[in-house]
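Trainee: Structure, please.
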Amino acid sequence: MAAGIEHLVTSGTFSLDGGTWDVDNNVWIVGDDAEALVIDAAHDADAIAAAVGDRRLVAIVSTHAHNDHIDAAPALAERTGAPILLHGDDLPLWKQTHPERAPDGELTDGQVLTVAGVELTVLHTPGHAPGAVCLYAPALGTVFTGDTLFAGGPGATGRSFSHFPTIIDSIRDRLLALPPETEVRTGHGDSTTIAAEAPNLADWIARGH
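Mentor: Here you go, the predicted structure:
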């Protein structure tokens with residue numbers, strides 16, 4: 001099979017600043033029959049491992065370190081031997097969930113990850129979290145945005161470690177510069193496109209957070 005994108009939805013909780021909420025998370029798997037890469041190991045290591053199957057897992061990439069995006073990462077890494085990759089600016093958030101286990105490697109802006117012949121370029125897009133990243137795969141016409149950009153607007157910035165003007169800068173400068181037809185695959189909810197979201201930038205800025 002040629003390289004493609006698989007989608008899994010897992011359910012659990014998100015906790016920060018003393019509150020806890022039920023959430024459904026999108027887990028994305030990029031790969032072919034031989035190898036795969038997981039984006040955001042959320043909630044259910046067993047379900048993610050089953051979806052990966054007997055393929056070699058080259059990496060577990062965390063778009064940011066809110067607990068609902070990383071809670072299953074250590075268990076999945078232990079099972080598969082794959083490294084967990086996270087931007088260094090999100091280490092303080094990571095340690096809130098996994099104080100006993102550090103990520104295995106740091107993501108950096110402009111870094112290129114390769115799986116099944118597909119290149120994914122790391123775009124540092126802070127705002128929702130200091131170390132939030134998106135992964136742009138031009139060969140697949142897709143950007144994986146984590147919680148930076150959703151169908152209908154930017155990710156939340158009302159809690160610790162987040163900043164509304166910063167997320168707007170990230171979306172405007174890094175994401176809306178991508179080709180309009182690029183599909184936006186998000187951390188929660190439905191996918192969208194750059195073309196669908198770009199006209200709303202002025203409204204987001206006017207609304208503020």
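Trainee: For the spatially closest residue to Gly88 that is not a sequence neighbour, grab phi and psi.
Mentor: Taking C-beta to C-beta, 6 or more residues apart in numbering as the measure, Gly88 lies nearest to Glu106, with 4.7 Å between them; neighbours along the chain are not counted. All C-beta spots, glycine's among them, are computed from the backbone N, C-alpha and C. Backbone dihedrals for Glu106, given as degrees, to the nearest 10, come out at phi -100, psi 140.
Trainee: same check, this time on Gln96
Mentor: Phi and psi for Gln96, reported as degrees, to the nearest 10, are phi -70, psi -30.
Trainee: so how many other residues sit close to it?
Mentor: 15 (other C-beta atoms under 10 Å).
Trainee: tell me the contacts of the nearest residue to it once chain neighbours are set aside?
Mentor: Ranked by C-beta to C-beta, 6+ apart and with sequence neighbours excluded, the top spatial neighbour of Gln96 is Asn67, at 7.1 Å. When contacts are counted by C-beta atoms under 8 Å, 6 or more residues apart in numbering, Asn67 is found next to 13-16, 96-97.
Trainee: try it again with 10 Å
Mentor: Remark: with contacts taken as C-beta atoms under 10 Å, 6 or more residues apart in numbering, Asn67 is in contact with 12-16, 20, 23, 42-43, 93-94, 96-98.
Trainee: So which of those belong to strands?
Mentor: Cross-referencing the contacts of Asn67 against strands under DSSP state E gives 12-16, 20, 23.
Trainee: where does this protein have its least confident helix or strand?
Mentor: The weakest-scoring helix or strand in the chain, judged by mean pLDDT, DSSP states H and E, is helix 201-207 (a mean of 85).
Trainee: For that helix, list every residue counted as buried.
Mentor: Trp204 (16 or more other C-beta atoms under 10 Å).
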